[in-house]
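Q: Sequence first, then the predicted structure, then my questions.
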Amino acid sequence: MPTADVSADYVIVGAGPAGCALAARLTEDAGCTVLLVEAGGRDWNPLLSVPLMTGLILRSAYANWSYVTEAEPQLNGRRLHWARGRVLGGSTSIHGMVYMRGLPLDFDQWAAEGLRGWSYAEVLPYFLRSENSHRGASARHGVGGPLQVSAGRLENPLFQVYLQAAAQAGHPLTDDFAGPQPHGAGCYDFTIRNGRRVSGSTAFLRGAMARPNLRVLTRAQALGLQWGSGGRVEGVHVLQRGQRQTLRADREVLLCGGAVNSPQLLMLSGIGPADALRAHRLPVQVDLPGVGQSLQDHLLVRVDHRALHGATLDRLRRIDRAAWAVLRALLWGKGPASSFPLEVGGLYKSSADLTEPDLQSHFLPALSSASLRLPYFSKVLPQDRGAGFFSNVFQLRPNSVGSIELASDDPLAHPRIRPNYLSAPEDLPVLREGVKRLREIFRQAAFDRWRGPELSPGPDVKTDAQIDAWIRANADTVYHPTSSCRMGRDDDPMAVLDNQCRVRGVQGLRVVDASSLPRVTSGNTAAPVYMLAERIAEVLRGRATI
């Protein structure tokens, strides 16, 4: 039986980074009421706060939508696991904590293509607004914001070895990937505070939850939008603990479900490609062909080596050592489990002719755990596989685009995810060059006393054709899906949103999350989503215009 309706000025669907930031900022105005709806539970599990647990958590079923793509034609028909957070904080509660804004050219390109108001100079203040950077206040970095941005600890000696090797391979060194010279090898920044994860929930939401004008509903699955008269969305239908309920929005509904869930909810509600909706016997409210289209993601590969010495983090695969490391992180915020181990890497160029880097890499002083598929992270840790290290690499600005499609009209069914990786012919050569850059770095003298045999791709993979075949057999997602409800110019038929994230042809509805980005940004995607939410919050509060 349905329960009584409840209402607020804004109903926010999805408590990922955008939803948490919007809820916190909007409720800073005491006269504004907000209902925040999250399909998952609260982020109470203390292991979510341990940075090193990320590798296991995101490959488990805990707090995870556990999506799987359709068979990928250019990846030998493989289906990839897409971990997306189903918990307060969303994917920022289960994924890596690397803080990367993207390159200025990303946003300047949006503006050059006609998306008014989104150049780098115009979005930079909203990056700064959210930050509390260890670098201090400057024109490029912010302090005093809720999002702690910290430096890595660089305690493992292999981090310095990597940086030395990158320099020996001819790459410049940079001290700030958000600085004027981001090209080269350097140290990443992280959303970590005192050895513990900083998620959208811990940064923005927890302090705001004490406010009387904010209500947070967990375990509440959105089923569809409530339509009113004149093409206006007036609320959201949800299922919470077996009870159906309508949450009514007096001002607007804000979808913050991410690149998978937001287009799915739009289509379930009759907003999307008309023919696709009719195929599922859904009434067409607004024919928007771009909903679910233009999907982008970063695709990576890893070059692994056996290590000749025992300084790698593989020693923590032994259960007693892992338990002690986690306990130290939980109690004191210290030790190897209290940092995210991808502390160094680089932005590289696949060709010397390029003016900007088009590759990103992270180095980790351990063998990859990417093959793990654990039902819950509380099960035993993987067996000892020896010691090693690896570096990954991915193309920053891929040309390939895919789609999110409905599998049925059942709102509880997962949609069909078709990333269409490597479908653009120019993408594979860039990734191939990335493999060559990593091999060049690992061949340098700095690694001589550490470097054992190459485990992957392996010494038999030499020619371009062999590298390409290996990429198709081994490439995996970086978990950066974007752009499936993208913003665009008024005359762009595939743009779902205008430059204020309003859904075209609909009143009272915006999409504010990674799906809103016109294209995937050059790097990790959490920071641009925080920026987006900060900016739209200011628009909704009447404190800024776009």
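A: Arrived safely, thanks for sending. None of the values given here were measured: they were computed from a predicted structure.

Q: Helix, strand or coil: sort out the residue nearest to residue 280 when sequence neighbours are not counted for me.
A: What sits nearest to residue 280 in space, not counting adjacent residues and going by C-beta to C-beta, 6 or more residues apart in numbering, is residue 409, at 4.5 Å. (Each C-beta comes from the backbone N, C-alpha and C, glycine too.) With DSSP: H, G, I helix; E, B strand; the rest coil as the basis, the three-state label of residue 409 is coil.

Q: how close does residue 409 get to residue 269?
A: In this view, residue 409 and residue 269 are 11 Å apart by C-beta to C-beta, to the nearest Å.

Q: Which of those two has more residues huddled nearby?
A: Under the criterion of other C-beta atoms under 10 Å, the comparison of residue 409 against residue 269 puts residue 269 first, with 27 against 14.

Q: Enumerate every residue touching the residue nearest to residue 280.
A: Counting by C-beta atoms under 8 Å, 6 or more residues apart in numbering, residue 409 touches 268, 280, 281, 282.

Q: Residue 325 now?
A: Contacts for residue 325 (C-beta under 8 Å, 6+ apart) come out as 52, 316, 335, 336, 337.

Q: do that again at 10 Å, thanks
A: For residue 325, the contacting residues are 50, 52, 53, 313, 315, 316, 334, 335, 336, 337, 338, by C-beta atoms under 10 Å, 6 or more residues apart in numbering.

Q: Next, the last one: phi, psi?
A: Pointing back at residue 338 there. Main-chain torsions, residue 338, degrees, to the nearest 10: phi -90, psi 0.

Q: before we move on, what SS does residue 537 have?
A: Under the three-state scheme (three-state DSSP), residue 537 adopts helix.

Q: The nearest residue to it once chain neighbours are set aside: which element?
A: Nearest non-adjacent residue to residue 537, counting by C-beta to C-beta, 6+ apart: residue 25, 3.7 Å away. Applying DSSP states H and E as the criterion places residue 25 in helix 17-26.

Q: quick one: that helix to chain centroid distance?
A: 16 Å (C-alpha atoms, centre = their mean, to the nearest Å).

Q: Could you export stretch 6-24 as PDB, CA atoms only?
A: The C-alpha trace of stretch 6-24 is given here as PDB (Å, rounded to 0.1, in the frame of the first residue of the first chain):
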ATOM      1  CA  VAL A   6       5.800  14.100   1.600                       C
ATOM      2  CA  SER A   7       7.100  17.200   0.000                       C
ATOM      3  CA  ALA A   8      10.000  19.600   0.000                       C
ATOM      4  CA  ASP A   9      11.200  22.500  -2.100                       C
ATOM      5  CA  TYR A  10      13.800  20.200  -3.800                       C
ATOM      6  CA  VAL A  11      13.800  16.500  -4.200                       C
ATOM      7  CA  ILE A  12      17.300  15.200  -5.000                       C
ATOM      8  CA  VAL A  13      17.600  11.600  -6.400                       C
ATOM      9  CA  GLY A  14      20.900  10.100  -5.700                       C
ATOM     10  CA  ALA A  15      23.300  10.800  -2.800                       C
ATOM     11  CA  GLY A  16      26.500  10.600  -4.800                       C
ATOM     12  CA  PRO A  17      29.000  13.500  -4.900                       C
ATOM     13  CA  ALA A  18      26.600  15.900  -6.700                       C
ATOM     14  CA  GLY A  19      23.600  15.000  -4.600                       C
ATOM     15  CA  CYS A  20      25.500  15.400  -1.300                       C
ATOM     16  CA  ALA A  21      27.000  18.700  -2.400                       C
ATOM     17  CA  LEU A  22      23.600  20.100  -3.600                       C
ATOM     18  CA  ALA A  23      21.800  19.000  -0.500                       C
ATOM     19  CA  ALA A  24      24.400  20.600   1.700                       C
END
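
Q: For it, buried residues please.
A: 8-24 (16 or more other C-beta atoms under 10 Å).

Q: now swap in stretch 425-435 and tell me
A: By neighbour count on 16+ other C-beta under 10 Å, the buried set for stretch 425-435 is 427, 428, 430, 431, 432, 433, 434, 435.

Q: try stretch 437-451
A: 437, 438, 439, 440, 441, 442, 444, 446, 447, 450, 451.

Q: What residues does the nearest residue to residue 251 once chain neighbours are set aside make contact with?
A: Leaving aside its chain neighbours, residue 251 sits nearest to residue 9 (4.6 Å; criterion: C-beta to C-beta, 6+ apart). Residues near residue 9 by C-beta under 10 Å, 6+ apart: 26-27, 29, 31-35, 213, 249-252, 540.

Q: Give me the buried subset of those.
A: Among those, those classed as buried by 16+ other C-beta under 10 Å are 26, 27, 29, 32, 33, 34, 35, 213, 249, 252, 540.

Q: name the element residue 138 belongs to?
A: Using DSSP H and E, no helix or strand contains residue 138.

Q: what sits against it?
A: Applying C-beta under 10 Å, 6+ apart, one finds that residue 138 lies in contact with 128, 176, 179.

Q: how much space between residue 438 and residue 391?
A: Distance, residue 438 to residue 391, using C-beta to C-beta: 5 Å.

Q: which residues do these two both contact?
A: Common contacts of residue 438 and residue 391, defined by C-beta under 10 Å, 6+ apart, comprise 166, 301, 302, 303, 305, 346, 361, 363.

Q: for the stretch 351-500 of the chain, what spans make up the strands?
A: Ranges of strands within the stretch 351-500 of the chain are 359-364, 388-395, 403-405, 416-418, 451-456, 476-477, based on DSSP state E, counting those that start in this stretch.

Q: want to throw those strands into CSV with distance to residue 238 and mean pLDDT?
A: As requested, the strands of the stretch 351-500 of the chain are exported to CSV (distance: least, C-beta to C-beta, whole Å; pLDDT from 0 to 100):
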stretch, distance to residue 238, mean pLDDT
strand 359-364, 38, 97
strand 388-395, 36, 96
strand 403-405, 21, 98
strand 416-418, 23, 98
strand 451-456, 45, 96
strand 476-477, 29, 98
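
Q: can you put these in CSV and add distance to residue 100?
A: Output for those, formatted as CSV (distance: least, C-beta to C-beta, whole Å):
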stretch, distance to residue 100
strand 359-364, 8
strand 388-395, 12
strand 403-405, 24
strand 416-418, 24
strand 451-456, 25
strand 476-477, 17
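
Q: For residue 305, give me phi and psi.
A: Residue 305 adopts backbone torsions of phi -130, psi 150, taken as degrees, to the nearest 10.

Q: Isn't it up against residue 452?
A: Yes: between residue 305 and residue 452 there is a contact under C-beta atoms under 10 Å: 5.8 Å.

Q: What is the neighbour count of residue 105?
A: Counted with other C-beta under 10 Å, residues neighbouring residue 105 total 16.

Q: can you start the count at 856 instead of 1 from here on
A: Shifting the count to begin at 856 puts that one at residue 960.
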